[in-house]
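Participant: attaching a predicted model along with its sequence, questions to come.
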Amino acid sequence: MTSDLTPTATTGADPNGVRSDTTPERPPARLFGRRWPVILALVGLLPLTLWLAHVWSERVALNTIAQEASRKIALYVANLRSELDKYEYLPRVLARDENLIELLQDPRNPVLINRVNRRLEAINADAQASDTYVMSANGTTIAASNWNEPVSFVGRNFKFRPYYQIAMQGGQGRYFALGTTSLKPGYYVSHAVNDPDDDTVLGVIVVKVSVEGLENAWTSESVRVMVSDPNGVIFMTTVPEWKFRTFEELPTDLHRAIIASRQYHTAPLEPLPVTRREVRDTGQSMITIARAGTFMAQSAAVPKTEWTIHALSPTTRISGLRYASMAATGAAFVIILLLAMYVAQRRLRLRERLAYQRDLAATLEQANAELEHRVEKRTADLSAVNRQLRSQIDETRRAQDDLRLAQDELVQAGKLAVLGQISSGINHEINQPLGAIRAYADNARAYLDRDRGELARENLESISELTDRMAAIITRLKGFARKSSGANRAVPLLPSIDNALALLRLQIQDLDVEVVLDLPDSEPLVNGDSVRLEQVLVNLISNALDAMAEAPKRVLTVSVRETGHDVTVKITDTGGGIDPADQVRIFDPFFTTKESEKGLGLGLSISLDIVKDFGGMLYACDDGGDGASLAITLRQVEMKGSKSA
C-alpha cells in the first residue's frame, strides 16, 4: 500500500522530484525587478558624493597646510630678525672709535688711513660682515675693510644712498640694495660719527651684511620664501627667477625713482605673472604663478623694518588628497552599490524560485532569511573591523610621531641639563675675564689721561685677548647647545673629546681630577654626528666626575683604540664603581643612583639611543679596578682615497 506522502515516480520528473507535466511555466527572469528606480537613484547620488568628498578633502588639506605655514613663517621672521640684530650694534660701537674720529678729522693722513683700513679689515672678519667702511661728510669713502681688494670702496662716493643721508641727519640708517661696486645684494646699517668736542657730524660708518646664508638655508625647505620691500619689490627669495620682481605693475613714477636710486642696479622690476583667488569660507588665499604652480600664500611683517615676508606652500598635497579621497569614496560607493545590486538580484531570484516551487516555500524562505542575516552580519563585521583597523593605524602613526618628537626633546633636554650642571663653572670662567677687562679698561683710561699711550695700548690688547677667550667659551657652548641635524656622516673623533673636556674643564679643576689621555697619533673618523657625539661624551665624563666627587684619588682616563673596522672610546674613573645589582639597570630611563636634584636618570638612556642611531654600542666594562669603565664602540669610516692594508 502506498502512502499519500510518497512521491509518485513519473517519466517526466525533474531533479527536484516534481512532475514535469504538472510543473508550472517558469516566469521570465527580470533583471532587478522593480528596483531599477532605486538603483538609478543611487547611481545619480555618485556625483554628489564625489563632490562632497572633493570639498571635504580640500578643506582638510588647506587647514593642515595653513597651520604648517603659520609656524614656518613665524620661524622665518625670527631667523631674519635675529640675523639683522647681530649687526645693529656694530656701527654705533665703531662710531666711538678714536682712530676713526682722528681719521675723519685728518682724512689725508696716510698713517691713519693705513691703520683704520687694517682695523676695519680685522673687525669685518671677526664680525663676519660683508663690508665695513667709513665715509667722509661729503660721501667719499676714505677707509674700508676691502681696501686691498681689486673691487675696493676707497675713493668712491655713495652720498646718493639713503643710508648715508639718514646717518648724516643724526639717525641710524637701514637699507637693502645691490652694491653699485660689487653688484652683490646686502643689508646696510649706518651710523653718524660725531666730533666728541662739538658733536658735529664728521662722517658715517657703514656695515654691509650679506643675507645669502639665510636664502641658502631657506632653499632646503619645500615652502617658497620671499621678502619684499615697501614698494612690493622682491629682494630675497628661495627662487632665483623671482628675485627683483614685483607682485604688481609698479607706477611709472615709482619705477623710475627706484631705477634712478640704483637700489637694484639695472633690474627691470617686472611683475610676476600672478593670479590670486580667495578660498570661500576658509580665509585662505591661493595664488598661481605661471610656470611655477599654485600655492597657499601667507605673509607677515618683519619687526623694525618695512619689509614683508611671504611663505608660499605648494598645494600638490591638496590634489593628491583630493583624488585619493574621491577614489576611495567612489570605490566604496561602487562596492556598496554592487553589494546592494547583488542582494537585490539574489532576493528577486529567491522570490521567483519560491513562486515556482510552492512546495518548498517555507524551506527557501528560511534559507533566504538566514542568508540575509549572514550577509548583513558579515557586512557589519567587515565595517567594524575596517573602522578598528583604521583607528589602530592612525593611533600607531600618532604614537610614532610623538615618540620621535619625545626622543628629540629628550636629547635636547639632556644637553640643557648638562649645561645647567656646568653653568656655575662657565659663569666663573666668564666673570673672571669680565673683571679683568674692567680693570684693564680703567687702567687704559688712566694711562690715556696721563698721555701714556703705549701702556694704554698694552691694556687694550689684553682686553682683546680676553674677549677672544670669552668668544671661544661661548662658541663651545653654542655648538654644544644647538640642535643636531640628525644626519650621520663621517666625523673626526678627537675634536669631540677635546670639546667635551673643555666644557667640563672647571669641574675637573674644582675636583682636582687628574686627566690621563691615551689617544692615537692618527685622526680616526667615525660614523655619527659631532653635536650628538659630543653630548654623549659630556654625559659620560660628567657622570665619571660625579662618581669621583668623594673619592680620595681622582683620576679620569680617556683612551681610544682602533680595532679593525671599529673605534672604541673608554672612559674610566676611580670612583665607587657600579653596584653589580645595578649593572643591568644603568641604561634604563629614570634610573639613577644620584640624589634627585642632581639628575633624572636620563643621561645614559639618551646616550645609548644616540650611539645605537650611529650604529654603535655603549656598554659597561669590568676592568677589575675600583672605579667604573664605560665604553663606546663606533664604526670607523675610511677617508676617500685611502687603501686598506
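Facilitator: Received the coordinates, thanks.
Participant: low pLDDT regions in the stretch 451-600 of the chain?
Facilitator: By pLDDT under 70, the weakly predicted segments of the stretch 451-600 of the chain are 459, 462, 465-466, 468-486, 581-585, 588-600.
Participant: next one: the stretch 1-150 of the chain
Facilitator: 1-46, 48-67, 69.
Participant: show the contacting residues for S222.
Facilitator: S313, P314 (C-beta atoms under 8 Å, 6 or more residues apart in numbering). C-beta here means a position set from N, CA and C on the backbone, and glycine is covered the same way.
Participant: against E270, how distant is it?
Facilitator: Here S222 is placed at a distance of 26 Å from E270 (C-beta to C-beta, to the nearest Å).
Participant: go on, V558?
Facilitator: 62 Å.
Participant: which positions in the one helix or strand V207 maps to come out as buried?
Facilitator: Taking DSSP states H and E as the definition, V207 sits inside strand 201-209. By neighbour count on 16 or more other C-beta atoms under 10 Å, the buried set for strand 201-209 is L202, G203, V204, I205, V206, V207, K208, V209.
Participant: hmm, back to that, ok, V558 and E270, which is more surrounded?
Facilitator: Under the neighbour definition other C-beta atoms under 10 Å, V558 and E270 were set side by side, and V558 has more, 20 against 11.
Participant: just confirm the more buried one is within a strand.
Facilitator: Yes: counting by DSSP: H, G, I helix; E, B strand; the rest coil, one finds V558 located in a strand.
Participant: touching, it and D518? I think so.
Facilitator: Yes: with contact defined as C-beta atoms under 8 Å, V558 and D518 form a contacting pair (7.1 Å).
Participant: residue contacts, V223?
Facilitator: Per C-beta under 8 Å, 6+ apart, neighbours of V223: A69, K72, A311, L312, S313, P314.
Participant: tell me the span between the first and last residue of stretch 260-278.
Facilitator: End-to-end span of stretch 260-278 (C-alpha to C-alpha, to the nearest Å): 36 Å.
Participant: cool, and stretch 286-297?
Facilitator: 6 Å.
Participant: what of stretch 487-496?
Facilitator: 17 Å.
Participant: again, but for stretch 137-151
Facilitator: Start to finish, the residues bounding stretch 137-151 are 22 Å apart (C-alpha to C-alpha).
Participant: what's the answer for stretch 496-515, then?
Facilitator: End-to-end span of stretch 496-515 (C-alpha to C-alpha): 16 Å.
Participant: may I see the buried residues of that stretch?
Facilitator: 496-497, 499-501, 503-508, 511, 513.
Participant: how about stretch 613-626?
Facilitator: Here stretch 613-626 shows F614, G616, L618, A620 as buried, counting by 16+ other C-beta under 10 Å.
Participant: most widely separated two among the contacts of V223?
Facilitator: Spatially, the most separated pair among the contacts of V223 is K72 and P314, at 12.5 Å (C-beta to C-beta).
Participant: quick revisit: wait, which of the buried residues of stretch 496-515 is closest to V227?
Facilitator: Nearest to V227, judged by C-beta to C-beta, of the buried residues of stretch 496-515 is N499 at 35.5 Å.
Participant: dump stretch 216-233 to CSV, restricted to CA.
Facilitator: The C-alpha trace of stretch 216-233 is given here as CSV (Å, rounded to 0.1, in the frame of the first residue of the first chain):
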residue,chain,number,x,y,z
ASN,A,216,70.5,79.2,1.2
ALA,A,217,69.1,77.9,4.5
TRP,A,218,65.5,78.6,3.3
THR,A,219,66.1,76.9,0.0
SER,A,220,66.2,73.5,1.7
GLU,A,221,62.5,74.0,2.7
SER,A,222,59.6,72.9,0.5
VAL,A,223,58.0,76.3,1.1
ARG,A,224,58.9,79.1,-1.3
VAL,A,225,60.0,82.1,0.8
MET,A,226,60.1,85.8,-0.4
VAL,A,227,60.9,89.1,1.3
SER,A,228,59.6,92.3,-0.3
ASP,A,229,60.3,96.0,0.4
PRO,A,230,57.5,98.6,1.0
ASN,A,231,57.2,99.1,-2.8
GLY,A,232,56.5,95.4,-3.3
VAL,A,233,59.9,94.5,-4.9
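Participant: got the buried residues for it?
Facilitator: W218, V223, R224, V225, M226, V227, S228, D229, G232, V233.
Participant: where do the strands sit along the stretch 401-550 of the chain?
Facilitator: 489-492, 514-518, 525-528 (DSSP state E, counting those that start in this stretch).
Participant: just say which of the ones you listed is most tucked in.
Facilitator: strand 525-528 (a mean of 22; mean count of other C-beta atoms under 10 Å).
Participant: and that strand, what other elements does it pack with?
Facilitator: strand 489-492, strand 629-635 (3 or more C-beta pairs under 8 Å, 6 or more residues apart in numbering; DSSP states H and E).
Participant: what's the closest of those to A300?
Facilitator: Nearest of the helices and strands packed on strand 525-528 (C-beta to C-beta): strand 489-492, 34.5 Å.
Participant: just checking, what packs against that closest one?
Facilitator: Using 3+ C-beta pairs under 8 Å, 6+ apart as the test, strand 489-492 ends up in contact with strand 525-528, helix 530-547.
Participant: list the neighbouring strands of that strand plus their orientation.
Facilitator: Its sheet considered, strand 489-492 pairs with strand 525-528 (antiparallel) by DSSP bridges.
Participant: how about residues contacting the strand it pairs with?
Facilitator: 488-493, 533, 567, 614-616, 634-639.
Participant: ok, now with 7 Å
Facilitator: Contact with strand 525-528 is made by 488, 490-493, 567, 614-615, 634-637, 639, as judged by C-beta atoms under 7 Å, 6 or more residues apart in numbering.
Participant: got those as CSV, with distance to R387 columns?
Facilitator: Output for the contacts of strand 525-528, formatted as CSV (distance: C-beta to C-beta, whole Å):
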residue, distance to R387
N488, 40
A490, 48
V491, 48
P492, 54
L493, 52
V567, 52
F614, 41
G615, 40
L634, 47
R635, 45
Q636, 51
V637, 49
M639, 56
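Participant: let me know the closest of the residues you listed to I541.
Facilitator: The closest of the contacts of strand 525-528, once distances to I541 are taken by C-beta to C-beta, is L493, at 14.3 Å.
Participant: so that closest one sits against S522, correct?
Facilitator: No: applying C-beta atoms under 7 Å, one finds L493 not in contact with S522, separated by 10.3 Å.
Participant: and these two? Which one has more around it.
Facilitator: Counted by other C-beta under 10 Å, L493 and S522 do not tie: L493 has more neighbours, with 24 against 9.
Participant: look up phi and psi at the more buried one.
Facilitator: Main-chain torsions, L493, degrees, to the nearest 10: phi -80, psi -40.
Participant: returning to that earlier point: from the buried residues of stretch 216-233, which is closest to L183?
Facilitator: The closest of the buried residues of stretch 216-233, once distances to L183 are taken by C-beta to C-beta, is V233, at 16.6 Å.
Participant: show me what contacts the closest one?
Facilitator: F244, T246, Y264, L269.
Participant: adding neighbour count and pLDDT, write those out as TSV.
Facilitator: Formatted as TSV, these follow (neighbours: other C-beta atoms under 10 Å; pLDDT from 0 to 100):
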residue	neighbour count	pLDDT
F244	18	83
T246	20	87
Y264	19	77
L269	20	81
